[in-house]
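Asks: pasted the sequence and its predicted model underneath.
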Amino acid sequence: MNMNKTLVKVAVVILSIIGLSFFVSCEPDEPISFDETLVIGKWVEGTVYERYNADYTGYTWDTADDVSEEEAQDFTWSLDEDQLVQIHIMEIGGNIPKTYTVTELSVDYFSYQDDYGTMHSFTKVQE
Amino acid sequence: MKKTLKILKKSMIAMLLLIIVGVVITIWFVLTPARLTPIVTNQANKLLNCEVRVGAVDVTFFKTFPKLGLHVENFTLINPVKGAQSDTLAHFDDFIATIDHKEWRKNKSVVLNEIYLKNGSANVYVDSLGNANYDIYQATDEEEEEENTSSELPDLIDLQKIKIENLKANYIDEQSKTKAEVTNLNFSISAKYKKASGNAKIKLDIDNVQYLVNDSSQMAANIDDFSFFVDGSIADNMLEGLVNTEIKSISFSTNDTAYLDSTNVRLNAPLSIDMDDESITLTKTELAINTLEFVLDGWAKRGTNSDIEMDMKLITESWGLDEIFALIPEDYQHLVSEVKFDGDIQISGRANGFYNDTAMPIINTNLKVSNLNGTYADLPYTFANTNADINLDLNTNTDKADVIINNLSTILNNNALKCSGSIKDAMQSQLCDLSLIANINLQEIKSFLPDSLNVEMSGIADCNFKINATLDDLVNTDLNKIKSKGTFNFTGLNAIYQDSIYVESPYLSLGYQLPSPNMANNNAFKELIQATLVSPELNIKIIDSVNMIAKATSADLTLGLSNVMDTSIQPSMGVIFAFDKLFAEMDTVKAEIIMPKGFANYYIPENKENVFLNLSYQSNGLNAIIGEYASINTEFITVLANATQDTTQENPLLQWSPNVNVDFNNGKIHLADLLYDVNIPQIKFDFTPEEFYIENSRIEIGASDFNLKGSIKNFDNYFRDEGLLTGNLDFISEEADIDQLMELVDGLGSKDTTTTEAQIPDAEMTEAAASEDDAEPFMVPKGIDITFNANIEKSYINNSQLNDLGGTLVCKDGTLVLQEMGFTNDAGRILLTAIYRPERRNHLYTGVDLHFLDVNISEMLEIIPELDTIVPMLKSFAGRAECHIAGEMYLTSNYEIKYSTLRGALAIEGKDLVLLDNETFGEISKKLLFNNKTENVIDSMDMQLTVFKKEVDVYPFLLQMDKYKAVVSARYNLDKRYNAHIETLAPIRLALEVKNDQEDPAKLAYELVGKKYKNMYKPEKATAIQERTLYLKKLISDSLKENVKKYDSE
């Protein structure tokens, strides 16, 4: 009886491994390239603002926290195909990288999401 | 012999009788009335221009024995004048004249040398045209008249006696409307003058004289019992004699106003007159009016140019004031009716010098008042025991008068006053040199003060002051020319001013001196006035808009002042003070100072324009309470300070540029806002506008103690907005409880001065900030660059002990930086940099850079428990690791995190860590087919973690445990949403996702998922994303470790 149970477990594990191996072996879709010049500008999502400069610097602020643009925090950014990397620079020293996958980018719309599925959608702020 | 004498005696008697018989026969038979009467009548009618009636004329011998006399009976002069009271001008019952019988015998001339008139009457009348009924002499030739009226004295005058007895006369002058009546006039005169020498006696007695002038102004006089006596002699033109006269009673009135009423007047004047020298000498001439007696003593003589030179003294007896007042006419008594005084006065004086049209003699007088008591209705107090001794020296020729007050004393009610001194040159400069001593009952002084002062006082004041100044200087308050000093000693003082200021003292001595005795010693300014205050106990209470109580024990104050009346210069002052105890209370503020003493000066130095202040203060103790808000207690304090005012500056510090030296011992400060009392066993510092130098200090706050040394510089430029306030202070401590200190500074410096116009928040921001309006965070001052070099032997934070904490705390231009602080504790070596920079009240930047080198993970979590919130998995590890943490955020005014600004990174590297067995690990190991051992040792770990807003990302890190290799990555939110990916690389390859339940965060869900890190640690096979991930991990680690290099390099 115990033997049978053990065999069943082994079978389940093998099948699982096979299944997982099959699953893992699936390659991701080809990345989409976005035009990074479209990123440049001031974007807003609710009360959160992000500004991307052409020199790959930027800053972000949230007016809900009583922060003005003049008080925004700096980051550098890069867009490689659909991979957006923000490296937030701490004044005291140290960098905080944030990586996102751009899902949509147009003149007035910008969305990206992180590896954990958190989506951000911005609209362009006309200046 | 006897017989011979008897014969001689009998012969002489016989001869005398024979002579008498011869005379009698001559009188009876030769000089009969029938013969004489016509002769006399004819002679009289020849001489007089009126009818003369003579009753009988005979010669008397016995009546005038031994002289022969002519006796006229009923001698009457009749001269009728219209309007006269009678046709009879004069009438005498008897007229007897003694005859010089030698002249009679030799020359048959009748020479009279004694005249007696008895029982006479006279009616003298002058009509309205001036015609008098006594104008009865026959007119003579002018030449004869001139001869007869020669002013030369004859060679011989022998007027042995003229005597009038019982003469009654009345006089009417219609021209001057004058009437007079004399009753019982008795007069006698005897005089002899021969060859420039002689003597005379005159005596006049009148029972009554009535005198009346009924002109436009009426005048009446009544004299009773008038006597006049002169006894004098002349020799060699020197007349000497005695004049004695008395009017027993004289009354005098004009227009129904009585000036004298039954007044007794007496004169007793021994005098001598030198006719050659034209001088008169009075020797103790006594004059008296009623009982008011005075004596004249001296001389006067005519000098050249009609001068009169004199040296005359006058001295009165002691006169009773009632007697003087009694002399005041009744019509004027009302003027003194309210003056109720009794007492005595005495006046003495001397007039010495020349008198003429342009000169007056020098007059020296003295007034003495004795035992004067009384009241005056307009003065609400009584004078008692008033005594005075006052001299007046008057020289009208030079307009100089000196008043010398030898003594002037009185008691006003119960207030004794005594004055002495002088007023020199009283007619011009009036130089007063006066001394006043007073013993004043303060309860009664109110009557001397105007009601508007509204002062109630009680107690006794002993006053003693002197003044030396001219009246002009006093009126002009020219303090440079006034010399004065005084003391006012109050006993049992109790005063209320305007119902709001109360002063109370059992003894208070106030004094002043002008010029100040310290003038020569005061090198600071011209000290013109010195004032002093000494009191064993002085209480002052002010009940007004501000209620204040001040109490001083053993107060000793000396105040020096410049000429405060000179408005052209800034007043200067200096004070020296000492108290045993000083207590003050104002509303809820109470302060008690033990033995404060020192001095302070406020003046403009010579050749300078700005005010200079200096202060020396010392006290043995200070206990102050500010309501329930604060209390301050100290022991010994010394303060030395000086300051120069620059009025062109607005900032108070720049205006005064103070230099201060403070030595302060055993102070204890309690503030309600401070959780812990501040004890200051010692602090000693110097402050100048250039530098605040703390020479030494020891301060204890709660469980912390520290010694602060060093200096803060550049105040001058800082307040001119020309530079930063710089400083470098050593903060040396044996023990410091950092948690307590942080609590202390919470909310300090909360005034928000950093918001600029450009930072005016928009509507959203205003809403976000609205709830923070009341919070008062600590605002680091701007314009300041101060470095604290900390050296703390033992410090405590979050219940962890830190040893040998060293580093710097920099407060720079609005930013507080805890820079490169290093310390050790049980967790290991720790390096810390922290920044606090309040950009505005609701936007406070806080950054921390922390490095734990070879740290015990559990100890690290104790030091920073917040780490468990950010990296909860840390508590699953045990052992030593190297951990680098950096984080920053902005806080609201009440220190809540603005999560949108939260940034953080952590890198931890460890070896031989123990993965602690717990339910989660058990579940994971079960899913990933780990062998669950008692102790799961992780060979190595290299983990990077970032915090962005509320997202915590654990970058994939490799765990090697026994034969197992696994990669772990995770994301969790600070709101407790977990998402972890655990992927084994050996011996089997599995990937497990662990999530928590949205509904029940504590409940975890486990799910095998696809592998993500298959070739991550195989560089030749790693994907671009995996390479980028490794790059970012390195980027995180390197950027964190970069700060450590700075520590090491320094």
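Replies: Great, that's in hand.
Asks: how far does stretch A:93-111 sit from its chain's centre?
Replies: A distance of 6 Å separates the centroid of the chain from that of stretch A:93-111, by C-alpha atoms, centre = their mean, to the nearest Å.
Asks: just the CA trace of that stretch, in PDB.
Replies: Taking Å, rounded to 0.1, in the frame of the first residue of the first chain, the C-alpha atoms of stretch A:93-111 are listed here in PDB:
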ATOM      1  CA  GLY A  93      23.900  58.300  -1.500                       C
ATOM      2  CA  GLY A  94      22.700  55.100  -3.100                       C
ATOM      3  CA  ASN A  95      20.600  54.200  -6.100                       C
ATOM      4  CA  ILE A  96      17.200  52.600  -6.400                       C
ATOM      5  CA  PRO A  97      16.600  51.000  -9.800                       C
ATOM      6  CA  LYS A  98      13.100  50.400 -11.000                       C
ATOM      7  CA  THR A  99      12.500  48.400 -14.100                       C
ATOM      8  CA  TYR A 100       9.300  48.400 -16.100                       C
ATOM      9  CA  THR A 101       8.000  47.100 -19.300                       C
ATOM     10  CA  VAL A 102       6.400  49.700 -21.400                       C
ATOM     11  CA  THR A 103       3.100  48.600 -22.700                       C
ATOM     12  CA  GLU A 104       2.000  51.700 -24.500                       C
ATOM     13  CA  LEU A 105       3.600  54.900 -25.500                       C
ATOM     14  CA  SER A 106       2.100  57.700 -27.500                       C
ATOM     15  CA  VAL A 107       2.200  61.400 -27.700                       C
ATOM     16  CA  ASP A 108      -0.200  61.700 -24.900                       C
ATOM     17  CA  TYR A 109      -0.300  58.400 -23.200                       C
ATOM     18  CA  PHE A 110       2.300  56.400 -21.500                       C
ATOM     19  CA  SER A 111       1.800  53.100 -19.600                       C
END
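Asks: would you mark the buried spots in it?
Replies: Buried residues in stretch A:93-111, defined by neighbour count with 16 or more other C-beta atoms under 10 Å in any protein chain shown: A:93-102, A:105, A:110-111. For every residue, glycine as well, the C-beta is placed using N, CA and C.
Asks: same check on stretch B:172-182?
Replies: Going by neighbour count (16+ other C-beta under 10 Å), the buried part of stretch B:172-182 is B:I172, B:D173, B:E174, B:T178, B:K179, B:A180, B:V182.
Asks: name the strands paired with the strand of greatest length in chain A and say parallel or antiparallel.
Replies: Longest strand in chain A, counting residues (DSSP state E): strand A:95-105. Strand A:95-105 pairs in its sheet with strand A:83-89 (antiparallel), strand A:109-113 (antiparallel), by DSSP bridges.
Asks: who does the helix or strand hosting B:K161 touch, helix- and strand-wise?
Replies: Secondary structure from DSSP states H and E places B:K161 in strand B:156-173. With contacts taken as 3 or more C-beta pairs under 8 Å, 6 or more residues apart in numbering or on different chains; DSSP states H and E, strand B:156-173 sits against strand B:112-126, strand B:178-194.
Asks: deepest-packed of these, please.
Replies: Here the criterion is mean neighbour count by mean count of other C-beta atoms under 10 Å in any protein chain shown, and of those the winner is strand B:112-126, at a mean of 19.
Asks: tell me if I'm right that B:A220 and B:T257 touch.
Replies: No: B:A220 is beyond contact range of B:T257, at 10.3 Å (criterion: C-beta atoms under 8 Å).
Asks: how about the closest residue to B:A180 other than its chain neighbours, what does it touch?
Replies: Spatial nearest neighbour of B:A180, excluding adjacent residues (C-beta to C-beta, 6 or more residues apart in numbering or on different chains): B:Y171 at 4.1 Å. Taking C-beta atoms under 8 Å, 6 or more residues apart in numbering or on different chains as the criterion, B:Y171 is in contact with B:V124, B:Y125, B:T178, B:K179, B:A180, B:E181, B:V182.
Asks: OK, contacts around the fourth one?
Replies: So that's B:K179. By C-beta under 8 Å, 6+ apart, the neighbours of B:K179 are B:N170, B:Y171, B:I172, B:D173, B:Q210, B:Y211, B:L212, B:V213, B:N214.
Asks: pop out the phi and psi values for the closest residue to B:G353 other than its chain neighbours.
Replies: Leaving aside its sequence neighbours, B:G353 sits nearest to B:P361 (C-beta to C-beta, 6+ apart; 3.4 Å). When read as degrees, to the nearest 10, the backbone of B:P361 gives phi -70, psi 160.
Asks: isn't B:P361 right up against B:F354?
Replies: Yes: here B:P361 reaches B:F354: they are 6.4 Å apart, a contact under C-beta under 8 Å.
Asks: between these two, which has more neighbouring residues?
Replies: Between B:P361 and B:F354, counted using other C-beta atoms under 10 Å in any protein chain shown, B:P361 has the larger neighbour count: 21 against 17.
Asks: relative to chain A, how far out is that one?
Replies: For B:P361, the distance to chain A equals 103 Å [C-beta to the nearest C-beta, to the nearest Å].
Asks: rewinding a little: which of the contacts of B:K179 sits closest to chain A?
Replies: B:V213 (115.8 Å; C-beta to the nearest C-beta).
Asks: and B:A584, bridged to which residues?
Replies: Beta-bridge partners recorded for B:A584 (DSSP bridges): B:A550, B:A591.
Asks: find the nearest non-adjacent residue to the most centrally placed residue in chain A, please.
Replies: Centroid-nearest residue in chain A, with C-alpha atoms, centre = their mean: A:Y100, separated by 1.7 Å. In space, and not counting its chain neighbours, A:Y100 is closest to A:Y112: 3.8 Å by C-beta to C-beta, 6+ apart.
Asks: surely that neighbour is in contact with A:T118?
Replies: No: A:Y112 lies out of contact with A:T118 (C-beta under 8 Å); the separation is 9.4 Å.
Asks: higher neighbour count, the two?
Replies: When neighbours are counted by other C-beta under 10 Å, A:Y112 comes out ahead of the other of A:Y112 and A:T118, with 24 against 13.
Asks: would you check how far apart the more buried one and chain B are?
Replies: On the measure of C-beta to the nearest C-beta, A:Y112 and chain B end up 14 Å apart.
Asks: next up, the contacts around that residue.
Replies: Residues in contact with A:Y112, defined by C-beta under 8 Å, 6+ apart, are A:L84, A:Y100, A:T101, A:V102, A:T103, A:M119, A:H120.
Asks: closest one of the residues you listed to B:T304?
Replies: Proximity of the contacts of A:Y112 to B:T304 was ranked by C-beta to C-beta; the top entry is A:H120 with 135.4 Å.
Asks: show me what the helix or strand hosting that closest one is packed up against.
Replies: Taking DSSP H and E as the criterion, A:H120 maps to strand A:119-124. Strand A:119-124 sits against strand A:41-45, strand A:109-113, with contacts defined as 3+ C-beta pairs under 8 Å, 6+ apart.
Asks: quick one: mean pLDDT over it.
Replies: Averaging pLDDT along strand A:119-124 gives 96.
Asks: residues of that strand that come out buried?
Replies: Within strand A:119-124, the residues scored as buried using 16+ other C-beta under 10 Å are A:H120, A:F122.
Asks: again with stretch B:696-708
Replies: Across stretch B:696-708, burial judged by 16+ other C-beta under 10 Å covers B:S697, B:R698, B:I699, B:E700, B:I701, B:G702, B:S704, B:D705, B:F706, B:N707, B:L708.
Asks: export the residues you listed to a markdown table and tack on pLDDT?
Replies: Shown next, in a markdown table, are the buried residues of stretch B:696-708 (pLDDT from 0 to 100):
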| residue | pLDDT |
| --- | --- |
| B:S697 | 88 |
| B:R698 | 87 |
| B:I699 | 87 |
| B:E700 | 87 |
| B:I701 | 85 |
| B:G702 | 83 |
| B:S704 | 86 |
| B:D705 | 87 |
| B:F706 | 86 |
| B:N707 | 89 |
| B:L708 | 86 |
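Asks: now those residues in CSV, please, with extra columns for distance to chain A and secondary structure.
Replies: Below are the buried residues of stretch B:696-708 laid out as CSV (distance: C-beta to the nearest C-beta, whole Å; DSSP: H, G, I helix; E, B strand; the rest coil):
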residue, distance to chain A, secondary structure
B:S697, 31, strand
B:R698, 33, strand
B:I699, 30, strand
B:E700, 32, strand
B:I701, 28, strand
B:G702, 29, coil
B:S704, 26, strand
B:D705, 30, strand
B:F706, 26, strand
B:N707, 30, strand
B:L708, 27, strand
